[in-house]
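Visitor: what's the 3D shape of this:
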Amino acid sequence: MTISDKEYFDARSETVDTKLLAIDAKFDAKFDQQRAELHALIAQTIKWVAAVSASGLVIFTTVIAFLFNVTTPKAALPAAAALPAPTPVVIVVPGSGGEAVKVLPR
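Guide: Okay, the predicted model is just below:
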C-alpha cells in the first residue's frame, strides 16, 4: 500500500494542527490562571495602599495635634486678687422720680 504525498501531508498537518490546538489550550489555561492571580494581587495591593494611607493620615494628624498642644505657650491666667473690682452700672429710668438704680454685674 502506498499513499500519495497529498494524503501523507494532510495526515501530518492534521496531527500538527491537533498538537497546536492542545498547546493553545494549555497556554489559555495558564494565562487565565495568571490573570486571576494578577487580579487577586492587585486587589490586595489596593487594600494595603488604602490601609497605609489611612494610617499615615491618622498618625500625621495625631503628631500635628500633639505638637500644636505642646509647643504653643499657655497664656498665664491672672490671679483673682489682681483683678480690679467691678464698677457698678447706673441706669436712670425716666418717670421714676429721677432716682438712680444701681445694678452690679454678675
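
Visitor: mind listing the strands for this structure?
Guide: 89-92, 100-103 (DSSP state E).

Visitor: and those, which one is worst for confidence?
Guide: Mean pLDDT values for the strands of the chain show the minimum at strand 100-103, a mean of 60.

Visitor: next, S4: phi, psi?
Guide: phi -80, psi 160 (degrees, to the nearest 10).

Visitor: quick one: residues contacting it.
Guide: Under the criterion of CB atoms under 8 Å, 6 or more residues apart in numbering, S4 has no neighbours. C-beta here means a position set from N, CA and C on the backbone, and glycine is covered the same way.

Visitor: what about I23, how many residues nearby?
Guide: Per other CB atoms under 10 Å, the neighbour tally for I23 reads 10.

Visitor: wait, I meant Q33
Guide: Residues lying near Q33 (other CB under 10 Å) number 10.

Visitor: and if you look at A50?
Guide: Neighbours of A50 under the rule other CB under 10 Å: 10.

Visitor: model confidence score at it, please.
Guide: Looking at A50, its pLDDT stands at 97.

Visitor: contact partners for it?
Guide: By CB under 8 Å, 6+ apart, the contact set of A50 is empty.

Visitor: do a quick rundown of the helices in the chain.
Guide: 5-71 (DSSP state H).

Visitor: point out where it drops to low pLDDT.
Guide: Within the chain, the set of residues satisfying pLDDT under 70 comprises 1-2, 76-83, 92-106.

Visitor: make it 80
Guide: Residues of the chain meeting the criterion pLDDT under 80: 1-3, 72-86, 89-106.

Visitor: center of this structure - which residue?
Guide: A54 (4.2 Å; CA atoms, centre = their mean).
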